[in-house]
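[1] Need a 3D model of the sequence below.
(chains A and B)
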Amino acid sequence: MSNLASRRDHDLYILIGLTLVLAAVFAVVFGESMYSARNLRSMAYQMPEFGLLALGMMLAFLIGGIDLSIVAVANTSGIMTALVLTGVWLPGLSGYGVVAAAVATGLTAAVAFGLFNGFLIAKLSASPIIATLGTMTFYSGIGMALTGGKGITGLPSAFTSFGTAEMLGVPVIFVCFVAVAAALSAFLSRTALGRRMYLYGENPLAARFSAIDVERIGFWVYGVIGLLAGMSGHIVISRVNSAKVGYGDAYQLQALLVCVIGGIHPQGGRGKTLGVVCAVILMQMLSSAFTILRFSPYAKKLIWGSMLIVMLGLEYLSAKQNVRRELRQKIVH
Amino acid sequence: MSEGAIQRRRVSATEGILACVVLLYCVMVAAVNPAFLSVETLFDIVRSSSTAVIVGMGLLLVMLSGGIDVSFMSIALFGSYVAAYLMIRLKIDSLAFAFAVSIGLGTTLGLVNALLVNWLNLPPFIITLGTQNLFHGVMTTFISDKTFGAGVMPSVLSKFGSATLFTLKTRQGVMGLTVAVIPMCLSILLTWFIVYRTMTGRGVVAMGNSPESARRAGFNLLKLRLFTYGYIGALAAVMGVVYISQVNAVYPNKLVGNELMIIAGAVIGGVKDTGGRGKILGVILGIAIIYLLNSTLIFLGLSSSWNNFFVGTLLVASVAVTSWQNRRKNRKNLLFME
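    Now for the predicted structure:
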């Protein structure tokens, strides 16, 4: 067992090493344009919105599922918040009251969306891919029906100042992201419920017969994913000062990619939050590099797609290596 | 045992319910807006859904085998774009050339998917999501990302796109049924033949039910995967050529992203993503419902922004009902596999 734990950390060290090497290479290649205070700050502003989505995807992966609806949840909850903020819904409020009501509405909707996913997957045993594919269409359909595809602009500054606020030179939203990641990490590795989630992902049947209430865990985990997606949606609308269907569609693939790079096994039960955070930083550096190099969106597609395939290939090779090592150890002992 | 009996029945409960839904919906739309009941509407829906049915047949085979493919629209775009690009560049004006190039490329890309799925042994959804982006990126980065409008389209493709099988004189004018129904019917017949009359087809269904049992029964899983993913690649390529002919232009960014509607159609039609369950009629009805919804919301006085809402509702409802039924059945047999 101790071998198992140390080997997994081994993969994590490789990832951290890779991130540092890439950071050093970029320092040589791009120099000032990558590490200027302005670029670092803009990276810190971009990371939270998709980092939170990636953390949500990580939770789904850990319990052996997948959530394709996260971007739709983020968008639609953002749209609902924007509708309250602009006074279309609940008119008559003003000042910070409207902000509080709007955020409450948006986050409640996001959690409800997430719990509905959880209901379909855990209580009705729908397959996660198909269930969240359906709810993705459904939730984005709600957003589309509410807005007719148009953007909602003119959000009050009491709300948008949150997206641009800084604390000692560090964006508040970045601090939020780090706090959420740290809390999730502590929860997953230090609490009984967190460990049960790993067991659930590793083998749902064994977990069920070990008196772990897998249905309840699954139900609530998808609710938490909804909450994370909702937070991401709020960060997006406060940062860009508008809400629109279809914003951040590219994050779907990137969130999956980050989880795979971060060592979260797509079939569940394996991976650490730190790996995902590392992978988010790695992706953000690559993203910034592509922007500096003025890559077309098509070239980015090519790179993200091939990276996903290559990472899956490496995952396969390392799994094969591990099986061999285990066999060898069994023979020796 | 009862499952076997259901399998043998030609039209099972799912298709029956779907047919009723289609009929009821049509009656409702016609009651609200009698203009809906016309040959024009019918021909229009057939024209727009013919491409979806062609590739839907390939998806059926992949999903029967327990896999899934989200890269087929990328493959369709790749095949048809390269075919049209070559025809425009080399001034070749032949429909056979277009189909040959497209199908050749489509099958190759499908085989790439199959090899990756077989080799990596990871969820095919994630793998094909990767190849979806990879194929699209390769095409736009290394071949071309220009748009070719109606002016430069090879005339044979434009003609194929607007050609009609027969025409009817109605009050609104002369209406024709698109020739795209020919590849559509061919793909349906071919798929029926493969699934119900060949050993490979039965092997695909067997693999979908239990890969391990299929392997022990003597089926080569690699060959079956090569066949299913190659088949959807080929059909996607056919669909791509039909599509660019119908819109009479080649865009480097169309099609990709529309795969969800086809998958939704198959799932509504009762195809299980866990493999081994699914019928041709179900897929056709599922796709028909989606295209019917998409093209009739206007008759009901709703804007097209409601499309996703209704398709999503239908999809979620059908997923909820079928998985709940399945779960109840499994619990009765003390199965807790999901």
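
[2] ok, now how distant is residue B:163 from residue B:95?
    10 Å (C-beta to C-beta, to the nearest Å). C-betas here are computed from N, CA, C, even on glycine.

[3] scratch that, residue A:159
    57 Å.

[4] Excluding sequence neighbours, find me the nearest residue to the residue of the stretch 201-333 of chain A found nearest chain B.
    Residue nearest to chain B within the stretch 201-333 of chain A: residue A:302 (2.5 Å; C-beta to the nearest C-beta). Of all residues not flanking residue A:302 in the chain, residue B:137 sits nearest, at 2.5 Å (C-beta to C-beta, 6 or more residues apart in numbering or on different chains).

[5] Tell me who's in contact with residue A:213.
    With contact set as C-beta atoms under 8 Å, 6 or more residues apart in numbering or on different chains, residue A:213 has no partners.

[6] got the phi/psi numbers for it?
    Per-residue torsions, residue A:213: phi -80, psi 80 (degrees, to the nearest 10).

[7] Quick one: mean pLDDT for the helix or strand harbouring residue A:313?
    According to DSSP states H and E, residue A:313 maps onto helix A:297-332. The average of the pLDDT scores along helix A:297-332 is 84.

[8] what packs against it?
    Here helix A:297-332 touches helix A:2-29, helix A:251-261, helix A:273-292, helix B:95-120, helix B:124-138, going by 3 or more C-beta pairs under 8 Å, 6 or more residues apart in numbering or on different chains; DSSP states H and E.

[9] Recalculate using a threshold of 6 Å.
    Applying 3 or more C-beta pairs under 6 Å, 6 or more residues apart in numbering or on different chains; DSSP states H and E, one finds that helix A:297-332 makes contact with helix A:251-261, helix B:124-138.

[10] now it, how far from the chain's geometric center?
    Relative to the centre of its chain, helix A:297-332 is centred 21 Å away, using C-alpha atoms, centre = their mean, to the nearest Å.

[11] just to revisit the earlier point, format the helices and strands packed on helix A:297-332 as a markdown table; extra columns: distance to residue A:27, mean neighbour count and mean pLDDT.
    As requested, the helices and strands packed on helix A:297-332 are exported to a markdown table (distance: least, C-beta to C-beta, whole Å; neighbours: other C-beta atoms under 10 Å in any protein chain shown; pLDDT from 0 to 100):
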| stretch | distance to residue A:27 | mean neighbour count | mean pLDDT |
| --- | --- | --- | --- |
| helix A:251-261 | 21 | 25 | 88 |
| helix B:124-138 | 27 | 25 | 93 |
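
[12] Put together a markdown table for these, with distance to residue A:166 on each row.
    Output for the helices and strands packed on helix A:297-332, formatted as a markdown table (distance: least, C-beta to C-beta, whole Å):
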| stretch | distance to residue A:166 |
| --- | --- |
| helix A:251-261 | 24 |
| helix B:124-138 | 35 |
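
[13] Report the contact partners of the residue in chain B that chain A sits nearest to.
    The minimum distance from chain B to chain A, using C-beta to the nearest C-beta, falls at residue B:137 (2.5 Å). By C-beta atoms under 6 Å, 6 or more residues apart in numbering or on different chains, the residues touching residue B:137 are A:298, A:301, A:302, A:305.

[14] Please list the residues of the stretch 201-338 of chain B that sit near chain A.
    The stretch 201-338 of chain B comes close to chain A at residues B:267, B:273, B:305-306, B:308-309, B:311-313, B:315-316, B:319-320, B:323-324, B:327, B:336, B:338, as judged by C-beta under 6 Å from any C-beta of the partner chain.

[15] again, only using 8 Å
    B:252, B:260, B:263-264, B:267, B:273-274, B:303, B:305-313, B:315-316, B:319-320, B:323-324, B:326-327, B:330, B:336-338 (C-beta under 8 Å from any C-beta of the partner chain).

[16] Which of residue A:159 and residue B:95 has more residues huddled nearby?
    Using other C-beta atoms under 10 Å in any protein chain shown as the criterion, residue A:159 and residue B:95 rank with residue A:159 on top: 22 against 15.

[17] Tell me where chain B has strands.
    Assigned by DSSP state E, chain B shows strands spanning B:164-170, B:173-178.

[18] Can you tell me which of these is most buried?
    strand B:173-178 (a mean of 15; mean count of other C-beta atoms under 10 Å in any protein chain shown).

[19] Can you name the residues in contact with that one?
    B:39-40, B:43, B:46-47, B:50, B:163-169, B:246.

[20] and residue A:116, how far is that from residue B:198?
    Taken as C-beta to C-beta, the span from residue A:116 to residue B:198 is 42 Å.

[21] Likewise for residue A:198?
    Distance from residue A:198 to residue B:198, by C-beta to C-beta: 44 Å.

[22] Which of these two has more residues huddled nearby?
    More neighbours surround residue A:198 than the other of residue A:198 and residue B:198, with 17 against 11 (other C-beta under 10 Å).

[23] For the helix or strand harbouring the more buried one, buried residues please.
    Using DSSP H and E, residue A:198 sits in helix A:192-202. Buried residues in helix A:192-202, counting neighbours by 16 or more other C-beta atoms under 10 Å in any protein chain shown, are found at A:196, A:197, A:198, A:199, A:200, A:201, A:202.

[24] Just name the closest of those to residue A:20, please.
    Among the buried residues of helix A:192-202, residue A:198 lies closest to residue A:20 (C-beta to C-beta), at 27.4 Å.

[25] Just the pLDDT for the residue nearest to residue B:50 when sequence neighbours are not counted.
    Leaving aside its sequence neighbours, residue B:50 sits nearest to residue B:180 (C-beta to C-beta, 6+ apart; 4.0 Å). Predicted confidence (pLDDT) at residue B:180: the value is 89.

[26] which bits of the stretch 1-150 of chain B sit near chain A?
    Going by C-beta under 8 Å from any C-beta, the residues of the stretch 1-150 of chain B near chain A are B:68, B:116, B:119-123, B:125-127, B:129-138, B:140-141, B:145.

[27] Go ahead and flag the most central residue of the chain.
    Just so you know, I chose chain A. The residue lying closest to the centre of chain A (C-alpha atoms, centre = their mean) is residue A:54, at 1.7 Å.

[28] was after chain B, sorry
    Chain B has residue B:56 as the residue nearest its centroid, 2.0 Å off, counting by C-alpha atoms, centre = their mean.
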